[in-house]
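Chemist: how would this look folded up:
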Amino acid sequence: MIKDWNFWLSVITLVLTMVTAITAVIAVKQTKKQIELSNKQHLFDLRIENYLVAKGLVEQYKNCKSLWEREKRNEVIWASESIFFFLTNNTFLEEIQGMTAEKAFANPLQKEFLKKKENIKEISTTIKLIFTGENAQKVAEFVYLFQELLYALYRYQIIREKMQEYSDLFHVTLEEAQRKISEQKHRDRVWEVIDDLDALFVEIESNDILRALEEQIKLT
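Modeler: Got it, this is the predicted structure:
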């Protein structure tokens with residue numbers, strides 16, 4: 001009788017051990033699946049967030065192209081302040097929209113502008129990491145150059161202010177001040193970035209690159 005009891009006790013113990021082991025395996029698999037789903041959702045959210053910013057910048061650039069297409073490259077960019085204003089005329093950039101509206105060098109928005117500039121750089125890097133292929137590289141580069149254009153326009157606005165100050169201080173024409181302040185070097189930088197952005201913009205539009213990124217989001 002005691003032997004029978006010991007036998008059944010051994011069987012029960014073995015069964016309980018097996019049940020515990022199976023339960024642990026199932027729990028591990030469920031946890032792994034939950035982690036995978038969580039990671040997938042996080043990637044999806046990241047892709048959506050950064051895609052929408054990139055798409056907004058491309059659209060903003062497209063809407064503003066006519067502003068500099070009317071400018072002559074061998075002359076002062078008198079519309080630089082307006083170009084900056086309209087390039088930042090959306091909800092993502094609105095907090096720095098007034099960056100060139102008054103003294104650019106001492107503007108109280110300078111800190112916010114520099115923070116936003118770094119934020120756009122981070123978005124450019126993130127796009128390279130969360131999307132795959134050459135299309136992602138093109139969009140990331142466009143985003144990076146967008147902040148470069150804002151920065152070039154900001155610096156150019158400072159030069160324009162210095163031209164006016166020099167003209168007022170020494171009672172010379174703006175043309176003379178333009179030569180003394182080396183305005184052309186900063187103007188050339190603005191046009192250089194615009195040319196690089198234009199080339200990327202044409203490629204993004206003609207190859208429907210943003211739609212290609214949308215497809216990657218759907219497959220997440």
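
Chemist: ok, and what's touching stretch 148-161?
Modeler: The contact list for stretch 148-161, computed with C-beta atoms under 8 Å, 6 or more residues apart in numbering, reads 76-77, 80-81, 83-84, 87-88, 96, 99-100, 103-105, 113, 117, 181-183, 186-187, 189-190, 193-194, 197. Every residue, glycine included, has its C-beta placed from N, CA and C.

Chemist: got the CA coordinates for it in CSV?
Modeler: Listed next in CSV are the C-alpha coordinates belonging to stretch 148-161 (Å, rounded to 0.1, in the frame of the first residue of the first chain):
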residue,chain,number,x,y,z
GLU,A,148,20.9,73.9,-43.7
LEU,A,149,18.9,76.3,-45.8
LEU,A,150,17.2,77.8,-42.7
TYR,A,151,20.6,78.3,-41.2
ALA,A,152,22.1,79.8,-44.3
LEU,A,153,19.1,82.3,-44.5
TYR,A,154,19.5,83.1,-40.9
ARG,A,155,23.2,83.9,-41.3
TYR,A,156,22.5,85.9,-44.5
GLN,A,157,19.9,88.0,-42.6
ILE,A,158,22.6,88.9,-40.1
ILE,A,159,24.8,90.0,-43.0
ARG,A,160,22.1,92.1,-44.5
GLU,A,161,21.6,93.8,-41.1
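
Chemist: just the helices from this protein, written as ranges.
Modeler: 2-69, 80-87, 110-130, 134-170, 174-180, 183-206, 209-218 (DSSP state H).

Chemist: got TSV for those helices, with mean neighbour count too?
Modeler: What follows is the helices of the chain, written out as TSV (neighbours: other C-beta atoms under 10 Å):
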stretch	mean neighbour count
helix 2-69	12
helix 80-87	20
helix 110-130	16
helix 134-170	19
helix 174-180	15
helix 183-206	16
helix 209-218	15
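
Chemist: hey, least reliable of those helices by pLDDT?
Modeler: Among the helices of the chain, helix 2-69 carries the lowest mean pLDDT, at a mean of 76.

Chemist: dump the residue contacts of residue 204.
Modeler: 58, 138-139, 142, 210.
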